[in-house]
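> coords below, sequence missing:
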């Protein structure tokens, strides 16, 4: 292993040290959209799957155990909905979103059940649901995500059931889609909604929903449909640019599932009705983002759950769209595991995804094992991931740079997670409840240095697996690029320059991270104080029991597995634990977790090199490789 550190690595990538600039959108002219629009709208149903395609798809479903199980689970769910009351217009705080999401899941389930069986009980129940929604006073345009998801639900129900709905019901539902879905998005005589040109998931979700609505009723107002499509295919590019250059989603994997799913719904709706997505599916970064979701998921099935992401990946039909679109069945590796587990335990779990029916349209049961064991994704919130294999008990390390200023951002720059032996050892506590914070009148979405957002324990650097300097917050406007990355099998690593995130606190802050072939994990920091005395806290959150053996060694234990934890440095450090208990009454409880870490005191301009090794191993005294300065880590030959 010592020889490894002196190898020249052809796989090294030297990366830009500045925040990526915004990419201009490629304007799709109105005339191009006009020429693409069909002179005569296709017959209903036209969204996603028409009736001529249905028999072949049913053959595929009946020939696949996995698809057949999902189909039967969908029918069973539809049966259970028959006796349930339609959704009601009951808001949670300022949101109607939970109602819109329930409506989307219900209408997809009931509409599919009717299309695939012809049983009118499903038609009648779906019609009842849509008429109840149409009678709402509005779909809550002040929080436009609610409108977008409700419009998607109504568009699919209206289109898929069109020929079997009564004329009176069609007119009522169509009018609701227009007046409560599409028209509010036009902001006539008002300032346009910020989401129209936004850079985040709102852009994708809202343009997808309104476009589905416009395509569903396009025969009644083809000019309006053309206007909506033209707006969507141009403005959605602003959000799609955020995937550049490698496919990472700045808002993390949880919001990848949300934003990207609706981006796929937009593209698939266009392709199914117009016959083109105007080349958007091949857009730089977006075409690669299926790889991002694959690699950001650890062998435990848990995400590297930054910043406001939940930790566990659920059933995500959009992944199957990417696998089919780009002929890459390896993208479905984790999804197939979720699918198989549901088949063995509880098929209904697949229906937790309100878009599960899309898997019946897009999924293939085939998958292959991915090949790459490490991957680096640049962009506004860059990340790198490493694993020893694609087995469930592999060791996994994921680490990030970026900026707290990204949408949903946390002060988590330099943070990492670790999986090994089927368990997560270094964890991210995840997001807070939005409604709980907002209901207190706190400004959750402020992104300035002194915003109330950063008072929340889970959002600031005190709770993340990174550094805290002089008990201060990371700098919101700072940006920490991944400056070097190597996928060399003997020494894969990444280097993050965190200096600007600690501006005014440290003169230099560089973090290197590596997953060695032995399964040992190395987190190495090279720091320099500015012109004042400096105290630096290194910390890592874990759900394991911590047993401190000496000033620089500890054993972490959970479920009869042990992780060796060792600090290598000339600095005077003493391992300790820190509490993750709530700091204020608005903070969530963090269960049986704590932080292991230490503090380093530096004199003005003093430097420190600190290496932390971790490994799950029966050997209580693992042999450590030689420590090299990060600048001497292997470099590419010219």
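That came through, no problem. Remember, predicted model here, so these are calculated numbers, not experimental data.
> run a quick neighbour tally on the closest residue to residue 61 other than its chain neighbours.
The spatial neighbour of residue 61 that comes closest, neighbours along the chain excluded (CB to CB, 6 or more residues apart in numbering), is residue 67 at 4.3 Å. From N, CA and C alone the C-beta is placed, and that goes for glycine too. Residue 67 sits with 20 neighbouring residues when counted by other CB atoms under 10 Å.
> by contact count, what packs against the helix or strand harbouring residue 67?
Under the criterion of DSSP states H and E, residue 67 resides in helix 65-81. Here helix 65-81 touches helix 54-62, helix 97-117, helix 120-134, helix 333-345, helix 357-362, going by 3 or more CB pairs under 8 Å, 6 or more residues apart in numbering; DSSP states H and E.
> which of those sits closest to residue 144?
helix 97-117 (10.1 Å; CB to CB).
> report the buried residues of stretch 239-249.
Neighbour counts over stretch 239-249 (16 or more other CB atoms under 10 Å) mark 239, 240, 241, 242, 243, 244, 246, 247, 248, 249 as buried.
> contacting residues around the closest residue to the fifth one other than its chain neighbours?
In space, not counting the residues next to it along the chain, residue 243 is nearest to residue 285; the distance is 3.3 Å by CB to CB, 6+ apart. Contacts were defined as CB atoms under 8 Å, 6 or more residues apart in numbering; by that measure residue 285 touches 240, 241, 242, 243, 244, 245, 246, 247, 379.
> now residue 249
Contacts for residue 249 were tallied using CB under 8 Å, 6+ apart; they are 242, 243, 255, 256, 259, 260, 289, 292.
> that one: what secondary structure?
coil (DSSP: H, G, I helix; E, B strand; the rest coil).
> look up phi and psi at it.
Note on residue 249: backbone dihedrals following degrees, to the nearest 10 are phi -100, psi 120.
> can you start the count at 807 instead of 1 from here on
With the count now opening at 807, the last piece we talked about shows up as residue 1055.
> relative to residue 1147, how far out is it?
As judged by CB to CB, to the nearest Å, residue 1055 and residue 1147 stand 25 Å apart.
> for residue 1008, same thing?
Counting by CB to CB - residue 1008 and residue 1147 are separated by 32 Å.
> more crowded one of those two?
The residue with more neighbours, out of residue 1008 and residue 1147, is residue 1008; 22 against 13, by other CB under 10 Å.
> which SS state does residue 1230 fall under?
Assignment for residue 1230 (three-state DSSP): strand.
> if it is in a bridge, with which residues?
Note on residue 1230: beta-bridge partners residue 1225, judged by DSSP bridges.
> list the contacts of it.
Applying CB under 8 Å, 6+ apart, the residues contacting residue 1230 are 1104, 1106, 1108, 1223, 1224, 1349.
> that older thread, hmm, who's touching the helix holding residue 873?
So helix 871-887 is in contact with 866-868, 912, 915-916, 918-919, 922-923, 928, 931, 1142, 1145-1146, 1148-1149, 1153-1154, 1156-1157, 1162-1163, 1165-1166, 1169, 1171, going by CB under 8 Å, 6+ apart.
> next: stretch 1160-1169.
By CB under 8 Å, 6+ apart, the list of residues contacting stretch 1160-1169 reads 854-855, 863, 867, 872-873, 876-877, 880, 907-908, 910-911, 914-915, 918, 1067, 1071, 1074, 1121, 1123-1124, 1126-1127, 1130, 1138, 1156.
> and if you look at stretch 1378-1398?
Under the contact criterion CB under 8 Å, 6+ apart, stretch 1378-1398 has outside partners 1235, 1238-1239, 1242-1243, 1246, 1248, 1261-1264, 1268-1269, 1343, 1345, 1347, 1349, 1352, 1354, 1356-1360, 1371, 1373, 1399-1407, 1416.
> buried residues, that stretch. List them.
Residues of stretch 1378-1398 classed as buried: 1379, 1381, 1382, 1384, 1386, 1392, 1393, 1394, 1396 (neighbour count, 16+ other CB under 10 Å).
> tell me the SS of residue 1403?
Residue 1403 ends up strand, using three-state DSSP.
> against residue 958, how distant is residue 1389?
39 Å.
> hmm, I typed the wrong one, I wanted residue 1122.
For residue 1122, the distance to residue 958 equals 17 Å [CB to CB].
> more neighbours: which of those two?
Counted by other CB under 10 Å, residue 1122 and residue 958 do not tie: residue 958 has more neighbours, with 32 against 24.
> let me know whether that one touches residue 1014 as I believe.
Yes. Residue 958 is in contact with residue 1014 according to CB atoms under 8 Å; the separation is 6.7 Å.
> mind listing the shared neighbours of those two?
In terms of CB under 8 Å, 6+ apart, residue 958 and residue 1014 are both contacted by the residues 1068, 1071.
> can you pull out the strands in the stretch 1207-1356 of the chain?
1222-1226, 1229-1232, 1273-1275, 1288-1292, 1299-1303, 1312-1321, 1327-1335, 1340-1348, 1351-1354 (DSSP state E, counting those that start in this stretch).
> mind listing residues that contact the shortest one?
Residues external to strand 1273-1275 that are found in contact with it (CB under 8 Å, 6+ apart): 1220, 1267-1268, 1304, 1308, 1311-1312, 1315, 1331, 1333, 1340-1345.
> buried ones in that strand?
1273, 1274, 1275.
> what bridges to the nearest residue to the second one once chain neighbours are set aside?
Spelled out, it's residue 1274. Spatial nearest neighbour of residue 1274, chain neighbours left out: residue 1343 (4.4 Å); criterion: CB to CB, 6+ apart. Under DSSP bridges, the beta-bridge partners of residue 1343 are residue 1274, residue 1405.
> share the number of residues neighbouring residue 1343, please.
Neighbours around residue 1343, by other CB under 10 Å: 19.
> that one: what's it in contact with?
1273, 1274, 1275, 1277, 1384, 1403, 1404, 1405.
> closest one of those residues to residue 1294?
residue 1273 (26.9 Å).
> related to what we said a few turns ago, got a markdown table for the strands of the stretch 1207-1356 of the chain, with mean pLDDT too?
Formatted as a markdown table, these follow (pLDDT from 0 to 100):
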| stretch | mean pLDDT |
| --- | --- |
| strand 1222-1226 | 98 |
| strand 1229-1232 | 98 |
| strand 1273-1275 | 98 |
| strand 1288-1292 | 97 |
| strand 1299-1303 | 98 |
| strand 1312-1321 | 98 |
| strand 1327-1335 | 98 |
| strand 1340-1348 | 98 |
| strand 1351-1354 | 98 |
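> go through those strands and name the closest to residue 1087.
Closest approach to residue 1087 among the strands of the stretch 1207-1356 of the chain (CB to CB): strand 1288-1292, 26.7 Å.
> for the closest one, packing partners?
strand 818-820, strand 1189-1193, strand 1299-1303.
> between these, which one is closest to residue 1080.
strand 1189-1193 (35.0 Å).
> quick one: the closest one to chain centroid distance?
Relative to its parent chain, strand 1189-1193 has a centroid offset of 15 Å by CA atoms, centre = their mean, to the nearest Å.
> tell me the strands beside the very next helix or strand once past it, with direction?
Heading C-terminal from strand 1189-1193, the first helix or strand you meet, by DSSP H and E, is strand 1202-1206. Note on strand 1202-1206: by DSSP bridges, its sheet partners are strand 1189-1193 (antiparallel), strand 1222-1226 (antiparallel).
> export those to JSON lines and tack on distance to residue 1323 and mean neighbour count?
Formatted as JSON lines, the strands paired with strand 1202-1206 follow (distance: least, CB to CB, whole Å; neighbours: other CB atoms under 10 Å):
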{"stretch": "strand 1189-1193", "distance to residue 1323": "10", "mean neighbour count": "26"}
{"stretch": "strand 1222-1226", "distance to residue 1323": "14", "mean neighbour count": "26"}
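> mind putting these in TSV, distance to residue 942 included?
Shown next, in TSV, are these (distance: least, CB to CB, whole Å):
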stretch	distance to residue 942
strand 1189-1193	40
strand 1222-1226	41
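> which one of these lies nearest to residue 1082?
Nearest to residue 1082, of all those, is strand 1189-1193, at 32.6 Å by CB to CB.
> residues in contact with that closest one: which ones?
1054, 1101-1102, 1104-1105, 1110, 1112, 1179-1183, 1200-1208, 1288, 1291, 1298, 1300, 1319-1321.
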